[in-house]
Each structure stands twice: as structure tokens, then as C-alpha cells.
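Asks: Model the structure of this input:
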Amino acid sequence: MIEKAKSRRGFLTMGIGAAAALVVTNPVEAAVRRLPERSLHLYNTHTGESLKSVYWAEGRYQTKTIAQVSRFLRDHRNGSIHPIDPRLLDLMVSVQHKVGAKGAIHIISGYRSPATNAILASYGDGVATHSLHMEGKAVDIRLPGHPVRYVGRAARALKGGGVGVYPDSDFVHIDTGRVRTW
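Replies: Numbers count the residues shown, from 1 in each chain. Next up is the predicted model:
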């Protein structure tokens, strides 16, 4: 009888543990996990370039596409390229889906080289001296037809990282750092 109880308890514990492992706690991951493929459509407001591509398929991120996105999100001021955090792509797509936006995500700023970041930071206090843009973990976006306050609210709800709303400049900053807002 005791052995049976231990066995049943063990079985229930194991079952609860397995069920807990299936629960996704990260809303960004939950939003994109259901997609058999993850694609994005980007438009760079400074270079006029567009990119439309599948960046996740067959259960993994597509290395060549991530490299294309990294080049696309380069520092438009000096051409510097840095690897982009694939989770940032998931975050952009999740924000776009949450808002219900169609069409291209407009990129205001992607990767920023340390030199560019230092110049921008010297102009005022709107640019962090240790910005996640320099690590390929931040992007400033606009979703045409959707107010930045609404886009910011959607991004904050996902809790995928930092979110800054800049209504006067008409963009939202999102990053894959710790969850914070401004």
C-alpha cells in the first residue's frame, strides 16, 4: 500500500512537472511559438531599403536570414554591422501581431556603433551611453497607422524587455534587456 502511494505520488508529481514545463511564461515566446514560420517585413526609414524574409523555420532561427537582418539593421551613419539578437526579431513580430498592424515595420534605428552612440548621446539625454543598440539588442520602430502610445502599450504588455515611448519623435524603442519602461 505504501509503495502504491509513493508510486502514485511520484506519477502525479512527474505529471505536474511535465505540465508546468509546457506552460510558457514569456508572452513574447508564447506569441511566436505557435507560428510554423516566423517572418518579418522591415522598412528602413533612413536608407529606403526593405526586407521581407522568413527568419525562423523548421524549428530554428535561419542563420542566413539573421545575417541579412543584421546587415539591414546596420548603423546607417557609418555602415557598421553587428549581429542582431534573434529574440529582438521575435519581439518586433509579437508587437506587430499584438497591435494588429499589417505591412512593414518601419525601422528608425537598429544597431548603433559605439562612435555613433557617443555622438548621439552628446546631443542630449535622450540616448543612453551604454545603449543596447550597441549590442544589437534594441531597435526603434514605428508601425504606420498605429499611434506610438498604443504600440508602446502593446510592447509593455509583452514584457519582453525595455520599452520607451517617444511620441514627439513618433517611435517606440524596444529591446531585449531587462523589463523596464520610460
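Asks: Only C-alpha atoms from now on, for both contacts and neighbour counts.
Replies: Will do.
Asks: what sits up against the secondary structure element (helix or strand) that Arg149 belongs to?
Replies: Arg149 belongs to helix 148-158 when assigned by DSSP states H and E. For helix 148-158, contacts defined as C-alpha atoms under 8 Å, 6 or more residues apart in numbering pick out 26-28, 94-95, 98-99, 142-143, 162-167, 170-172, 174, 181.
Asks: out of the residues you listed, which are buried?
Replies: 28, 94-95, 98-99, 142-143, 162-166, 170-172, 174 (16 or more other C-alpha atoms under 10 Å).
Asks: Let's see the helix holding Arg149 as PDB, backbone CA atoms only.
Replies: What follows is helix 148-158, C-alpha atoms only, in PDB (Å, rounded to 0.1, in the frame of the first residue of the first chain):
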ATOM      1  CA  VAL A 148       3.100  55.200 -30.700                       C
ATOM      2  CA  ARG A 149       1.300  55.200 -27.400                       C
ATOM      3  CA  TYR A 150      -0.800  52.200 -28.500                       C
ATOM      4  CA  VAL A 151       2.300  50.400 -29.900                       C
ATOM      5  CA  GLY A 152       4.200  51.200 -26.600                       C
ATOM      6  CA  ARG A 153       1.300  49.800 -24.500                       C
ATOM      7  CA  ALA A 154       1.300  46.600 -26.600                       C
ATOM      8  CA  ALA A 155       5.100  46.300 -26.200                       C
ATOM      9  CA  ARG A 156       4.900  46.800 -22.400                       C
ATOM     10  CA  ALA A 157       2.200  44.100 -22.100                       C
ATOM     11  CA  LEU A 158       4.500  41.600 -23.700                       C
END
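Asks: for this protein, what spans make up the strands?
Replies: Taking DSSP state E, the strands of the chain run over residues 38-44, 50-57, 60-61, 105-109, 138-142, 162-166, 171-175, 180-181.
Asks: Show me what the first one is packed against.
Replies: Taking 3 or more C-alpha pairs under 8 Å, 6 or more residues apart in numbering; DSSP states H and E as contact, the helices and strands that strand 38-44 lies on are strand 50-57, helix 86-99, strand 105-109.
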